[in-house]
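Enquirer: Provided below for reference: sequence and predicted model.
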Amino acid sequence: MSFKVLIVDGYTDEPAGLGVPPYLDVYARYIAGALFEACKDCQVLYFTIDEVRSNFNNFLEIASRSKLLVFISGVVVPGKYLGGRPATLIDIRKVGEAIEGPIKALCGPVAKFGFAKQGGAIAKPLPKNVANLYDLVIKGDPEEVIYDLALSNFEISKADPNVIREDYDHVDRFAVKGAKIVLDHPNYQGNLICEIETFRGCPRWFIGGCSFCIEPLYGQPCFRKVEGVIKEIEALHSLGVVNFRIGRQPDILAYEAKGIGDVEFPEPNIEAIKKLFVGIRCAAPSLKVLHIDNVNPGTIAYNEETAKEALKVIVENHTSGDVAAMGIESVDSRVVKLNNLKVEYEDALKAIEIVNLVGNIRGDNGLPHLLPGVNFVYGLAGESHETFEVNLAFMKEVLSRGLLVRRINMRQVMVFPNTKMGHIGIKYVKKHKQLFKRHKEAMRKEVDLPMLRKVVPTFTVLRDVYAEVFEENMTWARQVGSYPILCAVPAKITLNKFYDLVVVDHGYRSVTALPTPLSINKVDMRVLTAIPGIGEKRAAKIVMRRPFKNIEQIKQTLAELNVPEIDKVASLLTL
């Protein structure tokens, strides 16, 4: 007899893993695969928390006739999201209270590590009155717990909520079988990008890792075999998935690295990385995006030549617009030492230089192939006024040297129990609250803005930009990939479609961009005004001279109006 299982994806964001749309993290896929393997007659239905909110009564009706409900939730890394709103404690409580009948399981970082509303806060354990609404609060690996539950004919007492996977044997099978839930994702056949896992655990676990990070809590790294990753990619690709991010690991250069457990920064295994990326390319021949995420700057700085070669392998096999996100966290020497961070000032600079050396080549999508991203965390032990000064000075030096950085992420520490920062709390966050605000503004003005102008100069054409949201007279659009540039289009264009956009202006963290080519005879005044060198008065005169009959007539008008860079402007226009 068949039965239904509901998976509610409340979205996740962790140091090694992102699951806020358009990103689909591994949790739901692994859990679905575990159920498909354990139960022949199981129907798994996937809902995002946004879908649940938008039609709660419909969800309630389906859930009440189901055997099991699994709620995934937990934002460990604070951020702002365009594609979805992560589940809140209110959502978790509402679902727990409203659903009667099925077994209810809660999993993800919220169950494992606790709940924090934002950066600069202490994560608190799930309130008992919320936890008690669920039959299982899973602190172990959800797919293992759900698998055991299903094998025991759904007897709750026989499922240990703390069970942890010992290796990737189950994951490799579950990931393939659970791949088909992508068909239920609202971003499927749009801008969906699947997060892929290669290993878990911190290569610096034996010296404790960074003071604030949860990754060392997983202990020694456990690597997934290349063959398992390839089979998962094949399964997803066969279902129409064309965008992948190899993001679920703390450092892609440490995959199967040499010296794990012996040295703090193991040497990249070039052959293993090549086998992985070439294998992915073969498994998904029509992929459109293949990006990475985390790279430990220490791995690069302490293994310069092998890291350089490993990065070259990635650049040869990935797609352009990629970002190597580096957890530099701080370059204040005192903060580095007290929090066991990865690199000091000079080594951080060296890591950024090496990524630029390999990846700063403009690719097909309009962006450089591979650039570093820089993460700073504030509120750490030993922080002082000098911390803010030296971090800003560091990024100014990066800029002055002509090095490119895709983005600078500044956040206040989110404090979790069982980390070293758990004993310190948020006293530095409170002490430097106003200083952090001023520092952030200075970084945006003095570094972010001029840096973005270098990364995507005016008239850069960004290919395949997906229109996601229309708000405040702007259409907001992004390319698919790691840390895509947010594009503000000053017009209402059809959503859920891909466009080529030309950059016409820059903000701190986003650009103003226009669809290209533009029909000069049809486009409205607001869009014409946004074209560099035209402005409101010239736009009005252009509108009065419409319709134009040919390109030469357009160029002649631009010349008469003294529009600068006529050829570049004309290249954006069509009849």
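Expert: Received the coordinates, thanks.
Enquirer: which residues touch the helix or strand hosting Val323?
Expert: When secondary structure is defined using DSSP states H and E, the element that contains Val323 is strand 322-329. Applying CB atoms under 8 Å, 6 or more residues apart in numbering, the contact partners of strand 322-329 are 15, 210, 213, 291-297, 311, 314-315, 335-336, 339, 341-343, 348, 351-352, 355, 359, 369-377, 380, 406-407, 409, 481-483. For every residue, glycine as well, the C-beta is placed using N, CA and C.
Enquirer: and the residue lying closest to Leu367 once chain neighbours are set aside, what's its pLDDT?
Expert: Across the structure, with CB to CB, 6 or more residues apart in numbering as the measure, the residue nearest Leu367 apart from its sequence neighbours is Gly321 (3.9 Å). Here the pLDDT value assigned to Gly321 is 98.
Enquirer: in the host helix or strand of Ile90, which residues are buried?
Expert: With the criterion set as DSSP H and E, the secondary-structure element containing Ile90 is helix 89-98. Of the residues in helix 89-98, Asp91, Ile92, Lys94, Val95, Gly96 count as buried by neighbour count, 16 or more other CB atoms under 10 Å.
Enquirer: how about stretch 123-143?
Expert: Applying a neighbour-count criterion of 16+ other CB under 10 Å, the buried positions in stretch 123-143 are 123, 126, 130, 133-143.
Enquirer: quick one: which of those residues sit in strands?
Expert: With strands taken from DSSP state E, the overlap with the buried residues of stretch 123-143 comprises Leu136, Val137.
Enquirer: pLDDT and distance to Arg453 added to the buried residues of stretch 123-143, as a markdown table?
Expert: As requested, the buried residues of stretch 123-143 are exported to a markdown table (pLDDT from 0 to 100; distance: CB to CB, whole Å):
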| residue | pLDDT | distance to Arg453 |
| --- | --- | --- |
| Ala123 | 77 | 38 |
| Leu126 | 89 | 45 |
| Val130 | 94 | 47 |
| Leu133 | 97 | 50 |
| Tyr134 | 98 | 49 |
| Asp135 | 97 | 54 |
| Leu136 | 98 | 51 |
| Val137 | 98 | 48 |
| Ile138 | 98 | 47 |
| Lys139 | 96 | 46 |
| Gly140 | 96 | 48 |
| Asp141 | 97 | 45 |
| Pro142 | 98 | 44 |
| Glu143 | 98 | 45 |
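Enquirer: need the buried residues of stretch 123-143 in CSV with distance to Ser330, can you?
Expert: Conversion of the buried residues of stretch 123-143 to CSV gives the following (distance: CB to CB, whole Å):
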residue, distance to Ser330
Ala123, 21
Leu126, 31
Val130, 35
Leu133, 40
Tyr134, 38
Asp135, 43
Leu136, 39
Val137, 34
Ile138, 34
Lys139, 31
Gly140, 33
Asp141, 32
Pro142, 33
Glu143, 36
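Enquirer: pick the one among the buried residues of stretch 123-143 closest to Ala254.
Expert: Using CB to CB, Asp141 is the member of the buried residues of stretch 123-143 that sits closest to Ala254, with 21.0 Å.
Enquirer: gap between the closest residue to the closest one other than its chain neighbours and Lys492?
Expert: Nearest non-adjacent residue to Asp141, counting by CB to CB, 6+ apart: Arg165, 4.7 Å away. When CB to CB, to the nearest Å is applied, the distance between Arg165 and Lys492 equals 47 Å.
Enquirer: more crowded one of those two?
Expert: Neighbours per residue, other CB atoms under 10 Å: of Arg165 and Lys492, the larger number sits with Arg165, 16 against 12.
Enquirer: packing partners for the helix holding Ile90?
Expert: Contacts defined by 3 or more CB pairs under 8 Å, 6 or more residues apart in numbering; DSSP states H and E place helix 89-98 against strand 3-14, helix 49-54, helix 56-64, strand 68-75, strand 103-107, helix 128-131.
Enquirer: hmm, Asn340 is touching Trp205, no?
Expert: No: Asn340 is beyond contact range of Trp205, at 11.4 Å (criterion: CB atoms under 8 Å).
Enquirer: list the buried residues in stretch 512-527.
Expert: Thr512, Ala513, Leu514, Pro515, Thr516, Leu518, Ile520, Val523, Val527.
Enquirer: got the contact list for it?
Expert: Defining contact as CB under 8 Å, 6+ apart, one finds that stretch 512-527 is touched by 461-462, 465, 477, 487-491, 493, 499-506, 528, 530-531, 536, 539-540, 542-543, 546-548, 554, 572-575.
Enquirer: let's see it at 7 Å
Expert: 461-462, 487-491, 493, 499-505, 530-531, 539-540, 543, 546-548, 554, 572-575 (CB atoms under 7 Å, 6 or more residues apart in numbering).
Enquirer: are any of the residues you listed buried, and which?
Expert: Among the contacts of stretch 512-527, those buried by neighbour count (16+ other CB under 10 Å) are 461-462, 487-491, 499-505, 530-531, 539, 548, 554, 572-574.
Enquirer: can you give me the strands for the stretch 101-250 of the chain?
Expert: Residue ranges of the strands in the stretch 101-250 of the chain, as given by DSSP state E, counting those that start in this stretch, are 103-107, 136-137, 193-197, 199-200, 222-223, 243-248.
Enquirer: pretty sure Ser320 is in a helix, no?
Expert: No: secondary structure of Ser320, determined by DSSP: H, G, I helix; E, B strand; the rest coil: coil, with no helix assignment.
Enquirer: could the C-alpha coordinates of stretch 390-403 be exported in CSV?
Expert: Coordinates of each C-alpha in stretch 390-403 appear next as CSV, following Å, rounded to 0.1, in the frame of the first residue of the first chain:
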residue,chain,number,x,y,z
VAL,A,390,43.7,47.0,9.5
ASN,A,391,40.9,45.1,7.7
LEU,A,392,40.0,48.2,5.7
ALA,A,393,43.7,49.0,5.0
PHE,A,394,44.1,45.4,3.8
MET,A,395,41.3,45.7,1.3
LYS,A,396,42.6,49.1,0.1
GLU,A,397,45.9,47.5,-0.6
VAL,A,398,44.3,44.7,-2.5
LEU,A,399,42.5,47.4,-4.6
SER,A,400,45.7,49.5,-5.0
ARG,A,401,47.6,46.5,-6.3
GLY,A,402,45.1,46.1,-9.1
LEU,A,403,43.9,42.8,-7.7
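Enquirer: hmm, who's touching that stretch?
Expert: Surrounding stretch 390-403, the residues in contact under the criterion CB under 7 Å, 6+ apart are 330-332, 345, 348-349, 352-353, 356, 376, 405, 408, 439, 442-443, 446-447, 450-451.
Enquirer: same thing but at 6 Å, please
Expert: Judged by CB atoms under 6 Å, 6 or more residues apart in numbering, the contacts made with stretch 390-403 from elsewhere in the structure are Val331, Asp332, Ile352, Asn356, Phe376, Ala442, Met443, Val447, Met451.
Enquirer: from the residues you listed, pick the one nearest Pro109.
Expert: Within those, distances to Pro109 taken as CB to CB reach their minimum at Phe376, with 21.7 Å.
Enquirer: the closest one in helix, strand or coil?
Expert: Secondary structure state of Phe376, per three-state DSSP, is strand.
Enquirer: so which strand or helix has the residue lying closest to it once chain neighbours are set aside?
Expert: Distances taken as CB to CB, 6+ apart put Met410 closest to Phe376, at 4.8 Å, once the chain neighbours are dropped. Assessed by DSSP H and E, Met410 sits inside strand 407-412.
Enquirer: poorly predicted segments of the stretch 151-300 of the chain, please.
Expert: Of all residues in the stretch 151-300 of the chain, none has pLDDT under 70.
Enquirer: okay, now Pro186: neighbour count?
Expert: Residue crowding around Pro186 was assessed by other CB under 10 Å; the count is 16.
Enquirer: cool, and the one 3 residues further on?
Expert: Around Gln189 sit 12 other residues, with neighbours defined as other CB under 10 Å.
Enquirer: could you measure from it over to Asn243?
Expert: Computed as CB to CB, the Gln189 to Asn243 distance reads 11 Å.
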